[in-house]
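**Student:** The sequence and its predicted three-dimensional model are supplied below.
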Amino acid sequence: MLLAATPAFFGEIAALVVASALIAYLCHRLGIMPIVGFLVAGVVIGPMGIGLVEDLELVNEAAEVGVVLLLFTIGIEFSLEKLAKIQRLIFGGGGLQVGLAMAATMGILVLFGVSWQIGLFTGFLVALSSTAIVLKMLGDRGEMDRPYAQAGLGLLIFQDLAIIVMVLLVPMLGGAGGTALDIGWALGKAGLIIVLVLVLARRIMPKFLEAVARTCSPELFLLTVIGICFGTAYLTSLAGVSLSLGAFLAGLIVSESRFSEHAMGEIMPLQILFSATFFVSVGMLLDLGFLLEHLPLVLGVVLAVVLLKVITTAFSIRILGYSMPVALASGLILAQIGEFSFVLARAGGEIGLYPAGLEGIGEQTFIASTVIVMILTPVLGWAGARLFSREAPLPAGTDEPALDHQAAEGLSDHVVVAGYGASARRLVRVLQNAGIPFIVTTLSPEGANEAEAAGVRVLRGDYSRQHILELTGIARARALVVADDHTAMSHRVIQVAKTLKPDLHIIVRTRYIAEIEHLHAAGASCVIAEEMESIVQLFAQILQDVGTPASQIEAIVNGVRDGDYASLLEPEAAVAASLVDGGVGGMHHTIVLEPVNPGACSHIARTRPVVPSTSGCEECLRTGDHWVHLRVCMTCGHVGCCDSSKNKHAGRHYLETDHPIARSIEPGETWAWCYVDEVIV
């Protein structure tokens, strides 16, 4: 039998992924950020290290995809409205920072006898910061909504725009041609492309994504999102706009759709994989031998770059009216040299332009100092966060465009309802009537539209994805209800939810009894099988057919349900009961009257086992009022406040319904009160 030959590149790809995962895990155990772990992995496995990976061209191409996907996800998290709020930062602060950094670098080098052309070229390299590293770091730390992060983002966006001009100027600085007219034409094309992209975002893309989402096909939706990302990035690159900026614009297109979070959840795994490859590729460029041999020189350049970037960035932001803590924090997070500087350095090397005019030592010094500053970025970012104070005022007239990272903002001790089918719709009504806070997440556009029309808080997306569950506030939730018809999906949701919150109370609805054991084994706290309810109903019908009195049938059926936990209750009621029993209300799912004074009244026959309707007084929960003690109606399960409470809702319920007996559900109390005979039962 002939065995298929292993592709030549596969061994290196396998080595890259395995070594990166291992080293990143070790760094995580040591409390080091994953970004640093990936950079260290690149240093170790690259051609300058132990040589597990030799094909740098292959890795660099994969890394380019990583940068594109990272910028795409950042664009999704923004919107045109939020971007408009920081336009002063983009064009005012960003323009000033880039100009100052280039001028300062060129001025210092000219003093040492370097030509102004090489000085300006080196200024290009120094002026740029790493969009990939900065945004990844801020996103992982949950700091994207802080003023210094917003200020830094504004400057990064301008730097990506400035790359258009820098790419055109490099050949001119090397004497390879190009005129001011060429630059003007290129900028005009880039501006036109950007305008067309933004029009597309407003007018066409939301409707298109809605149509794709209605297919409920994860594969089609993912391919569509990737197509938008890559297609937009490629088309904008034809006009001279960098791939990274094109990808950011593609993200803005998607952000204008209601399915932006759904898109984020689908693309996130790919983004993580390729972004890791980017950081590994940067680490591979470092020559440890050169670093050790020229350590004083490299450290001197690192110090100079950090000081220059912090000063120019902080000044540019401070002059816009931001506080000094915000300005300094922004300067520290942008103190590194960017990934696109490597592209400019390669382009310059092809026409004889080298950093500081040093062909051999200059290029390696640039690489070594850049990698070291990138590795130091998390430390500098931590220092910036410590400097920053939330009380630091923003400049007058400036709104902080906070990102909506949390769809469940303001919710705690709530219920997450995964899916919005018929059962979930009924459950939502129960939760609304009970005053229990909740959020719905669904893949169905129709279901989401219906929920929104009913005033329900809803999040569109695949609830088996970690990103989507995090947005529901799962870490603060008291319970998760999985109302999906597909058992495989329920298994995935349970596993992801348990990873995010191991002690989460999870209630799962299923159709068949055979699935109960498997779902419990997967981690479900309670499983409701519709098949069981059909058995109970069939049993009740048989009793009716043989002439059993209706009151006796009711008592028998209630006893069967109560005796086999909540799984034999009607599915929606069972879920509601499990929510109460699982911690939302803290009381048992079924209340039974055991008379302490059986002969005191003649109304005990009108009672039955009941499920409390809410975790507190129904009416008080709706109005936000308070109560003293709680009573449950032993006829219908209504929960109301006692006569010691100011509203006396339990007594009012008796007057409205003529249900005679209410039992205390205070801890340790088992007595009941008959309103008709006015005696303790």
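**Tutor:** Received it, and whenever you're ready, just let me know what you need.
**Student:** So residue 251 is in contact with residue 68, correct?
**Tutor:** No. Using Cβ atoms under 8 Å, residue 251 is not in contact with residue 68, being 10.2 Å away. Backbone N, C-alpha and C define where each C-beta goes, glycine included.
**Student:** Of those two, which one has the most company?
**Tutor:** Taking other Cβ atoms under 10 Å, residue 251 and residue 68 do not tie; residue 251 has more neighbours (29 against 26).
**Student:** What count of nearby residues applies to the closest residue to the more buried one other than its chain neighbours?
**Tutor:** Counting by Cβ to Cβ, 6 or more residues apart in numbering, residue 75 is the residue found nearest to residue 251 once chain neighbours are left out, at 1.9 Å. Residues lying near residue 75 (other Cβ under 10 Å) number 25.
**Student:** If you count neighbours, what's buried in the helix or strand that residue 75 is a member of?
**Tutor:** Here residue 75 sits within helix 56-77, counting by DSSP states H and E. For helix 56-77, the buried set under the neighbour-count rule, 16 or more other Cβ atoms under 10 Å, comprises 58-60, 62-77.
**Student:** before we move on, the earlier item: okay, and the common contacts of residue 251 and residue 68?
**Tutor:** residue 229 (Cβ atoms under 8 Å, 6 or more residues apart in numbering).
**Student:** chain center to stretch 423-439, what's the gap?
**Tutor:** Distance of stretch 423-439 from its chain centroid, counting by Cα atoms, centre = their mean, to the nearest Å, is 25 Å.
**Student:** would you list every one of the helices in the stretch 201-350 of the chain?
**Tutor:** 205-213, 218-238, 243-255, 260-284, 288-293, 295-318, 324-333, 340-349 (DSSP state H, counting those that start in this stretch).
**Student:** Mean pLDDT added to those, as a markdown table?
**Tutor:** Formatted as a markdown table, the helices of the stretch 201-350 of the chain follow (pLDDT from 0 to 100):
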| stretch | mean pLDDT |
| --- | --- |
| helix 205-213 | 78 |
| helix 218-238 | 82 |
| helix 243-255 | 78 |
| helix 260-284 | 75 |
| helix 288-293 | 85 |
| helix 295-318 | 93 |
| helix 324-333 | 90 |
| helix 340-349 | 80 |
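**Student:** Tell me which of those approaches residue 502 most closely.
**Tutor:** Minimum separation from residue 502 across the helices of the stretch 201-350 of the chain (Cβ to Cβ) falls at helix 260-284, 21.6 Å.
**Student:** helices or strands up against that closest one?
**Tutor:** helix 10-29, helix 34-45, helix 56-77, helix 131-141, helix 218-238, helix 361-387, strand 458-460, helix 466-471 (3 or more Cβ pairs under 8 Å, 6 or more residues apart in numbering; DSSP states H and E).
**Student:** Was I right to think residue 484 contacts residue 491?
**Tutor:** No. Using Cβ under 8 Å, residue 484 is not in contact with residue 491, being 9.9 Å away.
**Student:** and these two? which has more neighbours close in?
**Tutor:** Using other Cβ under 10 Å as the criterion, residue 484 and residue 491 rank with residue 484 on top: 24 against 21.
**Student:** who's in contact with the more buried one?
**Tutor:** 418-419, 421, 490, 493, 509.
**Student:** hmm, 7 Å instead?
**Tutor:** Residue 484 sits next to 418-419, 490 when contact means Cβ atoms under 7 Å, 6 or more residues apart in numbering.
**Student:** Wait, a helix at it?
**Tutor:** No. Counting by DSSP: H, G, I helix; E, B strand; the rest coil, one finds residue 484 to be coil, located in no helix.
**Student:** how much space between it and residue 629?
**Tutor:** The gap separating residue 484 from residue 629 is 39 Å, by Cβ to Cβ, to the nearest Å.
**Student:** Just the pLDDT at the one residue sitting closest to the centre of the chain, thanks.
**Tutor:** Centroid-nearest residue in the chain, with Cα atoms, centre = their mean: residue 467, separated by 4.4 Å. Residue 467 carries a pLDDT score of 76 in this model.
**Student:** I figured it hits residue 268, correct?
**Tutor:** Yes. With contact defined as Cβ atoms under 7 Å, residue 467 counts as touching residue 268 (5.2 Å).
**Student:** Name the helix or strand for residue 508, please.
**Tutor:** Going by DSSP H and E, residue 508 is in strand 505-510.
**Student:** Which strand residues bridge residue 630?
**Tutor:** residue 641 (DSSP bridges).
**Student:** For it, the count of nearby residues, please.
**Tutor:** Count around residue 630 with other Cβ under 10 Å applied: 26.
**Student:** ok, it - contacts?
**Tutor:** Counted by Cβ under 7 Å, 6+ apart, residue 630 has contacts 616-617, 639, 641-642, 665-666.
**Student:** how about a markdown table for the helices of the stretch 201-350 of the chain, with distance to residue 168 added?
**Tutor:** Shown next, in a markdown table, are the helices of the stretch 201-350 of the chain (distance: least, Cβ to Cβ, whole Å):
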| stretch | distance to residue 168 |
| --- | --- |
| helix 205-213 | 30 |
| helix 218-238 | 14 |
| helix 243-255 | 15 |
| helix 260-284 | 25 |
| helix 288-293 | 32 |
| helix 295-318 | 23 |
| helix 324-333 | 28 |
| helix 340-349 | 11 |
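**Student:** Quick one: closest of these to residue 436.
**Tutor:** That would be helix 260-284 among these, by Cβ to Cβ, at 23.6 Å.
**Student:** Can you list the buried residues in the closest one?
**Tutor:** Result for helix 260-284 [16+ other Cβ under 10 Å]: buried residues 260-268, 270-272, 274-284.
**Student:** which residues of the stretch 351-500 of the chain score low on pLDDT?
**Tutor:** Along the stretch 351-500 of the chain, segments meeting pLDDT under 70 span 388-409, 485.
**Student:** The same query, at a cut-off of 90, please.
**Tutor:** 351-368, 370-415, 418-438, 441-479, 481-500 (pLDDT under 90).
**Student:** returning to what we had before: which of the helices and strands packed on helix 260-284 sits closest to residue 672?
**Tutor:** That would be strand 458-460 among those, by Cβ to Cβ, at 40.6 Å.
**Student:** what helices or strands is the closest one leaning on?
**Tutor:** helix 260-284, strand 438-442, helix 445-453 (3 or more Cβ pairs under 7 Å, 6 or more residues apart in numbering; DSSP states H and E).
**Student:** so the residue nearest to residue 251 sits right up against residue 245, yeah?
**Tutor:** No. Between residue 75 and residue 245 there is no contact, the gap being 9.5 Å when judged by Cβ under 7 Å.
**Student:** And for residue 218, nearest residue in space, chain neighbours not counted?
**Tutor:** That would be residue 462: by Cβ to Cβ, 6+ apart, it lies 6.3 Å from residue 218.
**Student:** all strands for the stretch 401-550 of the chain, in order.
**Tutor:** For the stretch 401-550 of the chain, applying DSSP state E, counting those that start in this stretch gives strands covering 415-418, 438-442, 458-460, 479-482, 505-510, 526-529.
**Student:** which stretch among the ones you listed comes nearest residue 608?
**Tutor:** strand 526-529 (20.9 Å).
**Student:** where's residue 96 relative to residue 304, distance?
**Tutor:** 20 Å.
**Student:** make that residue 281, sorry
**Tutor:** From residue 281 to residue 304 the distance is 25 Å (Cβ to Cβ).
**Student:** One more: residue 448?
**Tutor:** For residue 448, the distance to residue 304 - Cβ to Cβ - is 53 Å.
**Student:** Equivalent analysis for residue 460, please.
**Tutor:** 49 Å.
**Student:** more neighbours, those two?
**Tutor:** Between residue 460 and residue 304, residue 460 has the larger neighbour count (other Cβ under 10 Å), namely 26 against 14.
**Student:** Hmm, residue 446 and the more buried one touching each other?
**Tutor:** No. Counting by Cβ under 7 Å, residue 460 stays clear of residue 446, with 11.2 Å between them.
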